[in-house]
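> sequence first, then the predicted structure, then my questions.
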Amino acid sequence: MVDVTELNIGIIGMGEMGKMYARRFAAGGMKRIYVCDRPERFEEVKEEMSGEPAIIVMKDGHHVSRISDFIIYSVEAAYINDVVKEYGPSTKMNSIVAGQTSVKAPEKEAFEKYLPADVHIVSIHSLHGPTVTTEGQPLVIIKYRATDAQVETVVEIFKSFKSNYVHLSYEEHDLVTANTQAVTHAAFLSMGTAWKETSDYPWETTRYVGGIEIVKINITLRIYSNKWHVYAGLAILNPSAREQIGTYADSSTQIFKLMIEEKKEELRERMFAAREGVFGWTRQEGSEQNGIASGSGSTPVPADGKDHSASSSKARTARKPILLSDRILDQFSLGVKPEPGQGARPNSHLSLMAMVDCWHRLGIKPYDHLDVAGTPVFMLWIGVAEYLFRSPERLEAAIEAAIYDKTHRSDDTEFCIAARGWSQCVSFGNFDLYRDRFEQTASFFAPRFEEAAKVGGKMIKTIQEESKRTTT
Ligand SMILES: NC(=O)C1=CN([C@@H]2O[C@H](COP(=O)(O)OP(=O)(O)OC[C@H]3O[C@@H](n4cnc5c(N)ncnc54)[C@H](OP(=O)(O)O)[C@@H]3O)[C@@H](O)[C@H]2O)C=CC1
Ligand SMILES: O=C(O)C(=O)Cc1ccc(O)cc1
């Protein structure tokens with residue numbers, strides 16, 4: 001095995017992920033990490049990295065490409081074609097090239113088109129944001145134009161990250177991440193837009209905000225505090241994602257119509273069918289008394305007849321439920337929790353009902369993806385969906401609230417409009433429109449980002465630890 005610390009590592013794109021990677025490689029003992037951003041940012045990046053002797057800032061991607069044995073493109077997905085076109089021909093002979101892009105179809109095409117035939121391709125994708133520790137998080141490794149030994153070299157280069165390596169093909173990657181990320185982000189983006197349109201910070205206008213709400217709010221803020229292009233890229237450029245975001249908007253509006261038409265039995269039927277299809281729990285299973293034993297269940301037939309699961313056997317792990325407890329969720333609630341029967345109003349939870357309904361219609365088995373491509377956001381989202389659906393009593397209370405309690409109707413109306421709006425924006429494929437929608441909402445929440453990041457970090461840690469405890 002080669003001594004990877006002697007290899008020259010290259011990073012093109014010193015944004016949030018590029019910087020995090022460079023520092024992580026340096027901390028892991030890599031001796032030389034050659035990096036660059038756009039040429040006009042040369043001095044700025046040099047200044048920023050001045051205290052890091054192993055990180056050598058270059059003028060541009062030609063300089064990085066010529067000297068590096070392993071090169072990572074860490075730029076916006078929408079620019080990958082242009083950036084590889086420009087620097088790809090300068091790639092050092094026999095080196096290995098990777099991309100960090102969240103959607104792989106455009107990256108694969110650019111590598112095929114512009115990389116010389118004498119370089120190898122082993123791509124990567126860390127399934128977490130730049131502020132989350134790499135330890136224990138999934139790191140996708142894609143063997144494309146490479147030998148097994150070259151894949152092993154890449155794994156060795158990343159050893160110090162202590163991530164969980166997940167080997168997928170380019171195509172499996174895009175299918176899995178559409179299932180896990182794109183539709184999940186659509187839900188949170190829609191919640192954010194709805195709250196912005198009602199001009200409310202929801203956690204400041206109600207006397208008591210429960211654990212599920214806090215998870216929703218916090219993840220929404222986490223997403224809006226990130227770069228808009230990360231979400232635009234993986235939604236707009238991944239064809240499976242577009243379709244799924246459309247299904248989510250359909251589920252939201254169809255459920256909302258059942259609510260306002262007061263079709264309670266139809267809504268119940270639909271929700272319990274989705275519960276059984278997604279979680280595998282029959283109607284008898286899952287009351288707090290009966291308990292829940294396992295997340296595996298019958299495979300539902302997808303609404304569109306397509307198989308949305310990745311074909312890799314690794315994507316089919318049987319997984320137990322996350323089992324968030326009241327004790328865990330209550331740690332994150334705000335205000336004083338009313339005693340039972342003392343004014344705690346159940347929420348209609350339209351966003352969660354629509355999510356489980358959408359997974360059911362698409363035949364997505366979220367647990368199957370959790371170990372493979374479970375980002376922290378996805379894990380929390382399944383966790384709260386499971387919490388609501390696991391107990392028939394809680395689900396019944398949400399259905400009752402959805403049909404008869406008008407308190408949440410105005411929020412739910414805004415939510416439906418937002419979900420449809422995001423879906424249309426993605427289907428138009430318009431990056432400028434996406435940016436506009438994203439940044440308008442982001443600026444509404446910006447004053448609360450710092451505080452949310454603190455609570456969010458703690459929340460992710462606690463819930464991941466709890467999940468590990470209950471599933472091992
Ligand atoms: N943020 C996240 O949570 C995650 C992001 N990713 C993916 O990683 C990639 C990078 O994301 P992230 O770091 O967050 O985004 P950033 O916008 O922070 O970083 C991208 C950087 O690349 C620079 N860049 C653009 N063109 C060039 C060029 N020709 N030469 C050199 N540098 C260039 C950008 O400059 P400029 O701003 O001027 O365009 C920017 O500084 C994306 O593909 C994203 O999808 C993957 C996992 C998680
Ligand atoms: O966990 C999430 O879904 C995030 O929002 C962070 C994120 C964004 C983009 C990626 O490619 C991977 C992770």
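Received, thanks. These numbers come from a predicted model, not from an experiment. Ligands and ions are numbered 1, 2, ... in the order given.

> now the helix or strand where Phe389 lies - C-alpha only, CSV.
Element membership for Phe389 (DSSP states H and E) is helix 376-390. Taking Å, rounded to 0.1, in the frame of the first residue of the first chain, the C-alpha atoms of helix 376-390 are listed here in CSV:
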residue,chain,number,x,y,z
PRO,A,376,-28.3,13.9,9.6
VAL,A,377,-31.2,15.9,8.2
PHE,A,378,-32.8,12.7,6.7
MET,A,379,-32.3,10.8,9.9
LEU,A,380,-34.0,13.4,12.0
TRP,A,381,-36.9,13.6,9.5
ILE,A,382,-37.5,9.9,9.5
GLY,A,383,-37.2,10.0,13.3
VAL,A,384,-40.0,12.5,13.7
ALA,A,385,-42.2,10.9,11.0
GLU,A,386,-41.8,7.6,12.7
TYR,A,387,-42.6,9.2,16.1
LEU,A,388,-45.9,10.6,14.8
PHE,A,389,-46.9,7.4,12.9
ARG,A,390,-45.7,4.8,15.4
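
> can it be found next to ligand 2?
Yes: legend: contact between helix 376-390 and ligand 2 by C-beta under 6 Å from any ligand atom is shown at Pro376, Val377. (Each C-beta comes from the backbone N, C-alpha and C, glycine too.)

> who in the stretch 301-450 of the chain is up against ligand 2?
Thr375, Pro376, Val377.

> try 5 Å
Thr375, Val377 (C-beta under 5 Å from any ligand atom).

> low-confidence stretches in the stretch 301-450 of the chain?
Across the stretch 301-450 of the chain, the ranges flagged by pLDDT under 70 are 301-320, 322-323, 332-345.

> now do 90
Low-confidence segments of the stretch 301-450 of the chain, defined by pLDDT under 90: 301-348, 367-376, 379-380, 383, 406-408, 448-450.

> what about the helices in it?
326-330, 350-362, 366-373, 376-390, 392-404, 409-428, 431-445, 449-471 (DSSP state H, counting those that start in this stretch).

> so which of those helices is nearest Ile9?
Judged by C-beta to C-beta, the one of these that comes nearest to Ile9 is helix 366-373, at 24.8 Å.

> helices or strands up against the helix or strand where Glu204 lies?
Using DSSP H and E, Glu204 sits in helix 202-205. Helices and strands touching helix 202-205, by 3 or more C-beta pairs under 8 Å, 6 or more residues apart in numbering; DSSP states H and E, are helix 211-224.

> which strands or helices does the helix it packs on pack on?
Checking 3+ C-beta pairs under 8 Å, 6+ apart, helix 211-224 ends up next to helix 183-197, helix 202-205, helix 326-330, helix 376-390, helix 431-445, helix 449-471.

> out of the ones you listed, flag the one nearest Ile141.
Taking the helices and strands packed on helix 211-224 one by one with C-beta to C-beta, helix 376-390 is closest: 19.1 Å.

> quick check: angle from the closest one to helix 183-197?
Here helix 376-390 runs at an angle of 80 degrees relative to helix 183-197 (axes from the mean of the first three to the mean of the last three C-alpha atoms, to 10 degrees).

> pull the distance from helix 376-390 to the chain's centre.
Remark: helix 376-390 is offset 13 Å from the chain centroid, using C-alpha atoms, centre = their mean, to the nearest Å.

> I'd like to know which elements that helix is packed against.
By 3+ C-beta pairs under 8 Å, 6+ apart, helix 376-390 packs against helix 183-197, helix 211-224, helix 264-279, helix 350-362, helix 366-373, helix 392-404, helix 449-471.

> how about 10 Å then?
If contacts are counted by 3 or more C-beta pairs under 10 Å, 6 or more residues apart in numbering; DSSP states H and E, helix 376-390 sits against helix 183-197, helix 211-224, helix 264-279, helix 326-330, helix 350-362, helix 366-373, helix 392-404, helix 449-471.

> now tabulate those in a markdown table and tack on mean neighbour count and distance to ligand 1.
Shown next, in a markdown table, are the helices and strands packed on helix 376-390 (neighbours: other C-beta atoms under 10 Å; distance: least, C-beta to the nearest ligand atom, whole Å):
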| stretch | mean neighbour count | distance to ligand 1 |
| --- | --- | --- |
| helix 183-197 | 25 | 11 |
| helix 211-224 | 24 | 9 |
| helix 264-279 | 19 | 26 |
| helix 326-330 | 15 | 25 |
| helix 350-362 | 26 | 21 |
| helix 366-373 | 23 | 12 |
| helix 392-404 | 18 | 31 |
| helix 449-471 | 16 | 13 |
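
> looking at those, which is nearest to Lys113?
From those, taking C-beta to C-beta, the stretch that ends up closest is helix 366-373, at 26.6 Å.

> follow-up on the earlier one: in CSV, list the helices and strands packed on helix 211-224 along with distance to Ala397.
Listed next are those as CSV, based on distance: least, C-beta to C-beta, whole Å:
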stretch, distance to Ala397
helix 183-197, 20
helix 202-205, 19
helix 326-330, 14
helix 376-390, 10
helix 431-445, 29
helix 449-471, 23
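
> helix or strand: which one has the residue in the stretch 1-150 of the chain positioned nearest to ligand 2?
Among the residues of the stretch 1-150 of the chain, Ser102 lies closest to ligand 2, at 3.1 Å counting by C-beta to the nearest ligand atom. If you go by DSSP H and E, Ser102 is not part of any helix or strand.

> against His128, how distant is the residue of the stretch 251-400 of the chain found nearest ligand 2?
The stretch 251-400 of the chain approaches ligand 2 most closely through Thr375 (3.0 Å), counting by C-beta to the nearest ligand atom. To His128, Thr375 is 6 Å away according to C-beta to C-beta, to the nearest Å.

> again with Leu189
Taking C-beta to C-beta, one finds Leu189 at 18 Å from His128.

> what do you get for Glu439?
23 Å.

> who's more crowded, the two?
With neighbours defined as other C-beta atoms under 10 Å, Glu439 and His128 compare such that His128 has more, 21 against 13.

> ok, that one to Lys263 distance?
Taking C-beta to C-beta, one finds His128 at 41 Å from Lys263.

> which SS class is the closest residue to the residue of the stretch 1-150 of the chain closest to ligand 2 other than its chain neighbours?
Of all residues not flanking Ser102 in the chain, Leu234 sits nearest, at 4.2 Å (C-beta to C-beta, 6 or more residues apart in numbering). Secondary structure assignment for Leu234 (DSSP: H, G, I helix; E, B strand; the rest coil): helix.

> pretty sure Leu234 sits against Glu107.
No: look at Leu234 against Glu107 with C-beta atoms under 10 Å: they stay out of range, at 11.6 Å.

> distance from the helix holding Glu204 to the middle of the chain?
Per C-alpha atoms, centre = their mean, the centroid offset for helix 202-205 relative to its chain is 25 Å.

> alpha carbons of it, in CSV - could you do that?
Only the C-alpha atoms of helix 202-205 are listed here, as CSV (Å, rounded to 0.1, in the frame of the first residue of the first chain):
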residue,chain,number,x,y,z
PRO,A,202,-43.4,29.9,14.9
TRP,A,203,-41.5,29.2,18.0
GLU,A,204,-42.0,32.8,19.3
THR,A,205,-45.8,33.0,18.7
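
> would you mind listing the buried residues in it?
Residues of helix 202-205 classed as buried: Pro202, Trp203 (neighbour count, 16 or more other C-beta atoms under 10 Å).
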